[in-house]
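> sequence first, predicted coordinates after that:
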Amino acid sequence: MSLTQIDIGFVPLTDAATLIAAQEMGFAAEEGLELVLHKEVSWSNIRDKVSLGMYPVAHMLSPLALAMSLGLGPMPVRITVPFVLNRNGNTVVAASHLAKGSVESFGDALALGQSLLAAFKDRPIRIGVPFPQSMHRELVRYWMAGCGSQNVDVEFSVAPPSMLGKVLAAGEIDAFMVGEPWGSLAVEQGDAEILLCGASIWSAAPEKVLAVRSDWAEENKTTVSKLIRALYRASLWAGDRENAASLAEILALPAYIDVPAEVIERALVGELVLDGKGRIGQNANILNLSGSSVTFPWRSDALWIAEQAAQNWGLSRMETRAEAIEVFRPDLYRTALQPLGVNLPESDITGAGSDADSFFDGRDFALGA
């Protein structure tokens, strides 16, 4: 049987696991697909090659999918998001002289944020993120504001995920937020410590999504459904911690992340090495890959991104919210997975009391009104 090939761009991160597992473990082939995975060093490469049509599908930052659809960037193109690849997966890393033994407070986002800000009375705090239109930047802005950054300037610097540890080591930034395994690798290679994981700021942040050019999605509806089914099955396998060691070995291959498997495995099992002394920080939500509540493209997620980013992007709140609802497509997710008998959410909006409510400051998530 001949397989339908799909060119897919990805950045080497642990949260690309579902895409990689779908191809390597045969879930894509079972749907008659071959995922041709192309590794890119930066999110700007992903954005530009999707815009040019080189990749009809990509592993993408959730805010970037919205930003592209709003016309931001050099070559605007509308993006459809029918599947969320993961929730969380990021770590916040600081230079050791700033961390000052903060491992004892791992997971306490308020205490750690206030402690970090207290060190910056005379100059701005410089924080690295992998892209301007990213969940990293939106979460850091939300976190810093909740910790009292009104009296401290926050300056953002951008570098590819694999480079942020080197930028920190060079003294050009004070801290950074990045997807694993690059936070853990910075601890292994330099004078750096992990302060907290992104899940300590928001327990269910939609981090990376399956981004599909909207024109391609419209022309290839059957293929999109097959891809969603393959990814759903792959997510169940990848999210099972009994498979973590095997998955880490696959992700460690040179074609994918090319980082030691034991470093990659940490996020998969919910245990991070926080500093050079080998102290451990645990959080079951460090990286979530599986389950319909994780992979469902909630429109409330898109609305949260819109609310946070509109002013920062120089756009109206109304325009950004309206586009967000168009980008995230729970209808495509339901159409693809109904034949599998998956227990699907009845609403497109996450309700109060769900995991999405778990922000470090107790803020209510209900943005659907």
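That came through fine.

> residue boundaries of the helices in the stretch 151-300 of the chain?
164-169, 182-189, 214-219, 221-238, 244-251, 261-269, 292-295, 299-309 (DSSP state H, counting those that start in this stretch).

> so how far is the last one off the chain centroid?
So the one you mean is helix 299-309. 14 Å (C-alpha atoms, centre = their mean, to the nearest Å).

> against which helices or strands is it packed?
helix 62-69, helix 135-146, helix 317-327 (3 or more C-beta pairs under 8 Å, 6 or more residues apart in numbering; DSSP states H and E). (C-beta placed from N, C-alpha, C; glycine too.)

> and among the ones you listed, the most buried is which?
By mean neighbour count, with neighbours taken as mean count of other C-beta atoms under 10 Å, helix 62-69 ranks first of those at a mean of 26.

> list of residues touching the helix or strand bottoming out on mean pLDDT in the chain?
The least trusted helix or strand in the chain, going by mean pLDDT, DSSP states H and E, turns out to be helix 96-99, with a mean of 87. Residues from elsewhere that reach helix 96-99 (C-beta atoms under 8 Å, 6 or more residues apart in numbering): L116, A119, D174, A175, D191, A192, E193, L195, D275, G276.

> out of everything not next to it in sequence, what's closest to the fourth one?
This points to A175. Leaving aside its sequence neighbours, A175 sits nearest to A94 (C-beta to C-beta, 6 or more residues apart in numbering; 4.0 Å).

> beta partners of that neighbour?
A175, E193 (DSSP bridges).

> isn't it up against G183?
No - in this structure A94 lies outside contact range of G183 using C-beta atoms under 8 Å: 10.3 Å.

> more neighbours: the two, which one.
Neighbours per residue (other C-beta atoms under 10 Å) separate A94 from G183, with G183 holding more: 31 against 26.

> any idea how far that one is from W237?
To W237, G183 is 25 Å away according to C-beta to C-beta, to the nearest Å.

> and T223, by the same measure?
Look at T223 and W237: by C-beta to C-beta, they are 21 Å apart.

> I6 too?
For I6, the distance to W237 (C-beta to C-beta) stands at 19 Å.

> low pLDDT regions in the protein?
Filtered on pLDDT under 70, the chain yields the residue ranges 101-103, 351-357, 364-369.

> center of it, which residue is that?
Nearest to the mean C-alpha position of the chain, by C-alpha atoms, centre = their mean, lies E207 at 2.4 Å.

> just to check, that one is in contact with G89?
Yes - counting by C-beta under 8 Å, G89 is a contact partner of E207 at 5.1 Å.

> now the common contact residues for the two.
With contacts defined as C-beta under 8 Å, 6+ apart, the residues shared by E207 and G89 are D15, G179, G198.

> list the buried ones in the least confident helix or strand of the chain?
S96, L98, A99 (16 or more other C-beta atoms under 10 Å).

> I'd like those as TSV, with distance to I127 appended.
Listed next are those as TSV, based on distance: C-beta to C-beta, whole Å:
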residue	distance to I127
S96	16
L98	11
A99	14
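
> if we can go back for a sec, so for A261, which of the helices and strands packed on helix 299-309 sits nearest?
Of all the helices and strands packed on helix 299-309, helix 135-146 sits nearest to A261, with 24.4 Å by C-beta to C-beta.

> which strands or helices does the closest one pack on?
Helix 135-146 sits against helix 62-69, strand 90-95, helix 109-118, strand 125-129, strand 154-158, strand 175-179, helix 299-309, with contacts defined as 3+ C-beta pairs under 8 Å, 6+ apart.

> and those: which comes nearest M25?
strand 175-179 (21.4 Å).

> list the contacts for E207?
Counting by C-beta under 8 Å, 6+ apart, E207 makes contact with D15, L61, S62, L85, N86, R87, N88, G89, N90, M135, G179, G198.

> how much space between the closest residue to the fourth one other than its chain neighbours and D153?
Setting aside the residues directly before and after it, L85 is nearest to K208 in space (C-beta to C-beta, 6+ apart), at 4.4 Å. Note on K208: its distance to D153, by C-beta to C-beta, is 29 Å.

> looking at those two, which is more packed in?
Neighbour count, other C-beta under 10 Å: between K208 and D153, K208 has more, with 28 against 10.

> contact partners for the more buried one?
Contact analysis of K208 by C-beta under 8 Å, 6+ apart lists L13, D15, A16, H59, M60, L61, S62, V84, L85, N86, G89, G179.

> just the closest of the residues you listed to S51, please.
Of these, the one sitting nearest to S51 (C-beta to C-beta) turns out to be M60, at 11.7 Å.

> so that closest one belongs to a helix, correct?
No - according to DSSP: H, G, I helix; E, B strand; the rest coil, M60 belongs to no helix; its state is strand.

> quick check: it touching K49?
No - using C-beta under 8 Å, M60 is not in contact with K49, being 11.2 Å away.

> who's more crowded, these two?
It is M60, of M60 and K49, that has more neighbours when counted by other C-beta under 10 Å, with 26 against 17.

> how close does that one get to Y232?
M60 is 18 Å from Y232, by C-beta to C-beta.

> nearest to G165, out of the helices and strands packed on helix 299-309?
Nearest of these (C-beta to C-beta): helix 135-146, 14.3 Å.

> what's the local residue count around D108?
Neighbours around D108, by other C-beta under 10 Å: 16.

> doesn't S200 make contact with it?
Yes - the pair D108 and S200 passes the contact test of C-beta under 8 Å, sitting 7.4 Å apart.

> ok, I264 - contacts?
T14, E180, P181, A248, L251, A252, I257.

> which of those has the most neighbours?
In terms of neighbour count, P181 stands highest of the contacts of I264 at 31 neighbours, by other C-beta under 10 Å.

> OK, contacts around that one?
Listed by C-beta under 8 Å, 6+ apart, the contact set of P181 reads L13, T14, I257, V259, V263, I264, R266, A267.
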